[in-house]
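K.L.:
A predicted structure for the sequence below; I have some questions about it.
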Amino acid sequence: MSAGRPFLACACFFSDNIFVGRYGLHVRYRDEGQLRRDHGRALRERGCRGEEDFRTALREIEAEVQRRKQLIHQSVERKAIISKCYKRKHPEVYILQDSFLAPDFLEIVSYCTSLDAHLHGLLRYIESFSDKRIYRLPVFTEEFCQAFVDELENFEQSDMPKGRPNTMNNYGVLLNELGMDETFITPLREKYLQPITALLYPDLGGACLDSHKAFVVKYSLHEDLDLSSHYDNAEVTLNVSLGKDFTEGNLYFGDFSQEPTPVPKYIEIEHVGAQGLLHRGGQIHGALPIASGERWNLIIWMRSSAIRNQLCPMCNKKPELVEAEGFGDGFTETLDDDVPETVNLCSLW
């Protein structure tokens, strides 16, 4: 928690950035009339031809809104059931150990925590892509990745309740529900990643990333093949390729969401096993289809309340705060006189 204060979400979570999968479109939804006015043309251009198609899309959107409103309670229930009933196959992977981390990664962290560390020195240790502030670095050992994926597959094959990361990923695992936040992801963020992000992204709160959302996504030929263009609800994102064997499926990156250009320039970056990509959460990106095999990726959305309390990255407005579970969406109530009013979640139902 941030100085003992609870983390919160922005009310836009219940209305903005709703993904309509059949048309590959993110929409904002208040009511049917607003949806027709704001997104009718874009929906038609993407194949939503008649009233029946529109009604189907509308039902999908309304179902997602209801899912989001019930999310807190359902997540708490799932986590309790998993904690009580799930039998872990590799219990050791739930507690972060230095032996899980690549020696080169530990060397990078050691440099970043030294007194004379600076950005240009750090860039000698990691790979940089174009001018988009995207960086690749080793993170885990191959042995850890294999054990972690084996644990994830064991959970997937169990009869435990499963919450999915978001509407864009139908196959994956929320790591807070699996019980990995406190003993694995939080120490990874605080002790190892933050010294790196402090040098790479000081303007995005890289030195004060005080919360996160962590999940694993899975791509395979008969499940999710790819990921549509989007940006993350994060200041900084870490995306680590855990394996297994796969071909194609490169990531692509376009503009920064707050600095769009008339003709975006895209770059493709290949996944490398056990290595991670660090990028700004607002960097528009997606994943191309895999051609064969299966790929698991660990995604950590890292958030700075000092940054997002000023402007919600999803609605680009001063956040309208609502209650949340755990780290929420990384907002906290500010302590000055200009405190956004906290909204009772029940009033949004």
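P.N.:
Yep, it's here.

K.L.:
so where's the stretch 201-349 of the chain uncertain?
P.N.:
220-228, 245-248, 257-263, 292, 335-349 (pLDDT under 70).

K.L.:
the strands in it, which residues?
P.N.:
211-220, 227-230, 236-243, 246-248, 251-256, 267-269, 275-280, 283-287, 290-303, 321-322 (DSSP state E, counting those that start in this stretch).

K.L.:
could you say what helices and strands the third one packs with?
P.N.:
Okay, so that is strand 236-243. Helices and strands touching strand 236-243, by 3 or more C-beta pairs under 8 Å, 6 or more residues apart in numbering; DSSP states H and E, are helix 142-157, strand 275-280, strand 290-303. Using the backbone N, CA and C atoms, a C-beta is placed for each residue, glycine as well.

K.L.:
Quick one: residues contacting residue 264.
P.N.:
254, 255, 284 (C-beta atoms under 8 Å, 6 or more residues apart in numbering).

K.L.:
ugh, typo on my part, it should be residue 44
P.N.:
Taking C-beta under 8 Å, 6+ apart, one finds nothing in contact with residue 44.

K.L.:
need the contact list for residue 95.
P.N.:
183, 184.

K.L.:
May I have the phi/psi pair for it?
P.N.:
Backbone torsions of residue 95, given as degrees, to the nearest 10, read phi -120, psi 120.

K.L.:
mind checking how far residue 244 is from residue 164?
P.N.:
20 Å (C-beta to C-beta, to the nearest Å).

K.L.:
bridging residues for the residue positioned nearest the centre of the chain?
P.N.:
Geometric centre of the chain, nearest residue: residue 301, 4.2 Å, by C-alpha atoms, centre = their mean. Judged by DSSP bridges, the bridge partners of residue 301 are residue 213, residue 237.

K.L.:
Pretty sure it sits against residue 234.
P.N.:
Yes: under the criterion of C-beta atoms under 8 Å, residue 301 makes contact with residue 234 at 3.4 Å.

K.L.:
any common contacting residues for these two?
P.N.:
With C-beta under 8 Å, 6+ apart, residue 301 and residue 234 have common neighbours 212, 213, 281.

K.L.:
burial count for the residue nearest to the last one when sequence neighbours are not counted?
P.N.:
Of all residues not flanking residue 281 in the chain, residue 234 sits nearest, at 3.2 Å (C-beta to C-beta, 6 or more residues apart in numbering). The number of residues packed around residue 234, counting by other C-beta atoms under 10 Å, is 26.

K.L.:
With residue 11 instead?
P.N.:
21.
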